[in-house]
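Student: have a look at this prediction, sequence included:
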Amino acid sequence: MADEDTAQAVEEQTKQEQGDSKTQVQSAEFPEATGPEGAGASASIDMLLDLNVPVTIAVGKIDMSVQRVLQLGPGSVVKLDKSIDAPADLYIMDNKFASGNVVVVEGKFAVRITEIVGAGVPEGTEN
């Protein structure tokens, strides 16, 4: 019985809302937004130049089953798909932007960039 009362109340409320929805629509005019005085394109570029972005360097890859990954431990060796002479690929947010050679600088790995990939060039199509 309570379910029927609730259903009736919802139905009556829906009818009232539908009746209220027949209001007139009016257009609105908004003034044009303006930025801070003196801030031009160079201020926007300067702000972007200070952003830090994650750079990923891929020296190779391999597809492995989860079972094989779980078997890895200290001392395990994972053979990659690239030769030792092949360049490493540099990515910003999954977009390749450069390639280079892996080197050691002051006891740490580093990459000497040998090529910058043009903007908008899909991976695998660059020369």
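Tutor: That came in fine, so what should we check first? No experiment lies behind these values; they were computed from the predicted model shown.
Student: quick one: end-to-end length of stretch 56-67, please.
Tutor: 26 Å (C-alpha to C-alpha, to the nearest Å).
Student: remind me what the strand or helix carrying Ile113 packs against, helices and strands.
Tutor: Using DSSP states H and E, the element containing Ile113 is strand 108-116. Contacts defined by 3 or more C-beta pairs under 8 Å, 6 or more residues apart in numbering; DSSP states H and E place strand 108-116 against strand 88-92, strand 95-105. (Glycine included, C-beta is placed from N, CA and C.)
Student: for the longest one, which residues meet the burial criterion?
Tutor: Okay, so that is strand 95-105. Within strand 95-105, the residues scored as buried using 16 or more other C-beta atoms under 10 Å are Lys96, Phe97, Ala98, Ser99, Gly100.
Student: just put those residues in a markdown table and tack on pLDDT.
Tutor: Putting the buried residues of strand 95-105 into a markdown table (pLDDT from 0 to 100) gives the following:
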| residue | pLDDT |
| --- | --- |
| Lys96 | 94 |
| Phe97 | 96 |
| Ala98 | 97 |
| Ser99 | 96 |
| Gly100 | 96 |
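Student: where do the helices sit along this structure?
Tutor: Counting by DSSP state H, the chain has helices at residues 2-20, 41-49, 66-71.
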